[in-house]
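*Asks:* Please find the sequence and the predicted model below.
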Amino acid sequence: MQIDPRRVNMTATFSESVTDVQFTVKDPSGAEVPGGAAGDNGNKLWTFTPGRQLDPETVYTVTVHEGKDLGGNVMSPYSWSFTTSQPDTTPPTVTGTVPAANATDVEPGTPLRVTFSEPVSNATVSVKDAAGSAVAGTQTVESATALVFAPTQPLTEETVFTAEVSRATDEAGNVMAASSWTFTTAALQPPENSPSVEYEYVSPTTDEAGEVTSSLTPAFEARVSDPDGRASTLTVQVEHDPSVPAQGSGLIWSGTSVSVPSNGWAYLSIPAGKLAKGWKTRWRARATADGVNGAWTAWHMLTVTVPSPAVARTNAQAQDPLPTDRPFNYERMTISACRQARLQSGRSYHAFGWAVVKPYTACYSRWKGWATYKTDLYTNLPKEPIKNGVMMETVVVMNTYLGNADGNGVIGIGNVGGQALRPRDISVTTSIENIRQMRDGVEVTQATTSRSSSTSTPPVRTVPPATGSSANAVWTD
């Protein structure tokens with residue numbers, strides 16, 4: 001067995017108490033190692049401490065002699081040998097932590113645990129919050145290679161904490177460099193009377209799922225409700241998508257809206273300079289009423305795709321004119337298809353509605369309403385439930401056309417309603433359905449449907465209304 005030459009003490013255990021014990025320690029050349037011996041445990045255990053560090057990779061011979069019991073009997077000499085190794089100069093390291101580095105949603109009452117690569121002593125653990133304030137707690141040695149820190153009080157929810165372990169010393173006297181890591185605590189379980197969030201969404205978005213935005217300052221909106229009828233705020237957190245670590249990690253921005261009445265819509269926008277083109281992020285929201293936090297929503301993905309600057313265009317005569325009767329797929333949206341897509345999008349009742357835009361067609365659908373109610377002079381909040389109002393489901397579909405080479409017709413469509421179309425024409429179809437009316441606090445069901453057509457400048461060539469609950473108009477220059 002090889003022994004570190006920096007920490008060699010030789011011991012001898014006797015069958016009874018003895019005195020006058022001598023140790024003689026020699027290297028292979030016969031040179032003696034200076035040192036001193038001392039007894040312990042009633043002089044049954046004697047230890048020799050070298051007066052200098054032993055040489056590495058060297059065989060030493062130890063002889064214990066002159067030991068005398070209480071009767072004056074002198075022991076027979078006893079010898080053994082050992083071999084020293086190269087000095088241990090490797091300090092201990094941290095091999096594991098609980099919570100893990102960069103962990104999120106850590107329960108606030110979780111004790112911290114540190115595991116070392118070898119037995120250590122003198123190790124200390126400290127924990128600080130984001131402001132640098134120390135966390136009070138109790139440190140205990142779980143084993144020779146593990147240390148536990150238990151906070152006196154549960155940690156603050158949704159806070160980034162930094163833990164540091166230092167001064168850990170191994171048996172050879174090597175001291176480890178300080179090691180630190182961070183983790184984020186989870187939100188506490190909300191009470192039963194906590195407010196809630198529903199119909200949360202981002203605007204603007206360019207996809208049907210609402211997960212792609214064309215803005216560096218998108219807006220977040222949701223309806224906030226409280227079981228006790230309290231006014232609530234909406235808090236939104238935006239952070240880097242964990243699946244793209246090269247982009248960054250952790251929180252990007254957090255903001256809170258102004259207070260709105262229960263069942264009202266809260267709104268806030270992310271400030272400029274927080275997002276970058278091409279970033280993949282995720283966001284979540286929660287409501288707060290009178291200091292009571294509701295549960296966070298699930299994480300929603302959001303990719304920032306900002307259009308490139310427009311390229312200057314030049315006019316040129318087409319080299320291969322296309323006939324107007326050539327087939328062409330415009331991928332048109334209809335009133336019913338637009339409405340159905342909104343209902344299936346998860347944004348059925350959002351105040352900003354739902355929209356899809358394609359090269360030759362676009363549609364927009366939302367619930368629209370008006371109401372009359374008394375408000376508080378100072379807070380502008382409703383003083384009583386809404387008793388009179390109306391809401392309706394609206395859909396607008398707009399279509400454009402691909403012109404032929406000479407600009408006198410459009411591809412694939414000769415005319416609409418008997419009128420010849422030109423490339424700059426825009427057809428618009430509107431629909432107002434499902435009108436619901438509140439009268440003196442009672443909902444009055446309306447089975448009728450409204451039709452309308454629009455006029456504008458430049459002049460409009462009106463097309464007869466299509467069958468059903470809609471009306472058409474064609475804008476032309």
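*Replies:* Thanks, I have the structure now.
*Asks:* How about Glu66: what's its closest non-neighbour residue?
*Replies:* Spatially, and ignoring its direct neighbours in sequence, Glu66 is nearest to Gln22 (4.2 Å; Cβ to Cβ, 6 or more residues apart in numbering). (C-beta placed from N, C-alpha, C; glycine too.)
*Asks:* Would you mind measuring from the one you found to Gly39?
*Replies:* Gln22 sits at a distance of 12 Å from Gly39 (criterion: Cβ to Cβ, to the nearest Å).
*Asks:* neighbour count winner among those two?
*Replies:* The neighbour comparison of Gln22 against Gly39 (other Cβ atoms under 10 Å) goes to Gly39, with 18 against 13.
*Asks:* what residues are up against the more buried one?
*Replies:* By Cβ atoms under 8 Å, 6 or more residues apart in numbering, the contact set of Gly39 is Val18, Thr19, Val21, Leu45, Trp46.
*Asks:* Mind picking the two most distant members of those residues?
*Replies:* Farthest pair in the contacts of Gly39 (Cβ to Cβ) is Thr19 and Leu45. Separation: 13.1 Å.
*Asks:* Strands along the stretch 1-150 of the chain, start to end?
*Replies:* Taking DSSP state E, counting those that start in this stretch to define them, one finds strands in the stretch 1-150 of the chain at 2-3, 10-13, 22-26, 35-40, 45-50, 59-65, 78-84, 94-98, 103-106, 112-116, 124-128, 137-143, 146-151.
*Asks:* Identify, out of the ones you listed, the most deeply packed stretch.
*Replies:* Ranked by mean neighbour count, the strands of the stretch 1-150 of the chain are led by strand 112-116 with a mean of 20 (mean count of other Cβ atoms under 10 Å).
*Asks:* Can you give the strand pairings for that strand, parallel or anti for each?
*Replies:* strand 94-98 (antiparallel), strand 146-151 (antiparallel) (DSSP bridges).
*Asks:* Next one: the closest residue to Leu70 other than its chain neighbours from Thr184, what distance?
*Replies:* Leaving aside its chain neighbours, Leu70 sits nearest to Ser17 (6.5 Å; criterion: Cβ to Cβ, 6+ apart). Separation of Ser17 from Thr184 (Cβ to Cβ): 61 Å.
*Asks:* Have a look at the two and say which one is more surrounded.
*Replies:* Remark: of Ser17 and Thr184, Thr184 carries more neighbours, 20 against 14, as counted by other Cβ under 10 Å.
*Asks:* quick revisit: indicate which one of the strands of the stretch 1-150 of the chain is closest to Val442.
*Replies:* Judged by Cβ to Cβ, the one of the strands of the stretch 1-150 of the chain that comes nearest to Val442 is strand 103-106, at 46.0 Å.
*Asks:* roughly how far out does the closest one sit from the chain middle?
*Replies:* Centroid separation for strand 103-106 versus its chain: 10 Å, with Cα atoms, centre = their mean, to the nearest Å.
*Asks:* Stretch 104-116 too?
*Replies:* For stretch 104-116, the distance to the chain centre is 18 Å (Cα atoms, centre = their mean).
*Asks:* Residues contacting it, please?
*Replies:* Residues outside stretch 104-116 that contact it (Cβ under 8 Å, 6+ apart): 92-99, 123, 125, 127, 142, 145-151, 154-157, 163, 165, 168, 176, 183-186, 188.
*Asks:* again with stretch 125-141
*Replies:* So stretch 125-141 is contacted by 112, 114, 124, 147-153, 155-156, 159-166 (Cβ under 8 Å, 6+ apart).
*Asks:* ok, now with 6 Å
*Replies:* Outside of stretch 125-141, the residues within contact range by Cβ atoms under 6 Å, 6 or more residues apart in numbering are Val148, Phe149, Ala150, Pro151, Thr152, Thr159, Val160, Phe161, Thr162, Ala163, Glu164, Val165.
*Asks:* Tabulate these in CSV, adding columns for distance to Thr13 and pLDDT.
*Replies:* Converted to CSV, the contacts of stretch 125-141 look like this (distance: Cβ to Cβ, whole Å; pLDDT from 0 to 100):
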residue, distance to Thr13, pLDDT
Val148, 35, 97
Phe149, 39, 97
Ala150, 40, 96
Pro151, 45, 95
Thr152, 45, 95
Thr159, 55, 90
Val160, 54, 91
Phe161, 49, 95
Thr162, 48, 96
Ala163, 43, 97
Glu164, 42, 97
Val165, 37, 97
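*Asks:* now, which of those sits nearest Asn404?
*Replies:* Looking across the contacts of stretch 125-141 and measuring by Cβ to Cβ, the closest to Asn404 is Val160, at 61.7 Å.
*Asks:* Pull out the buried positions in the helix or strand harbouring Ser431.
*Replies:* Using DSSP states H and E, Ser431 sits in strand 426-439. Residues Ser427, Val428, Thr429, Thr430, Ser431, Ile432, Glu433, Ile435, Met438 are the ones in strand 426-439 that count as buried (16 or more other Cβ atoms under 10 Å).
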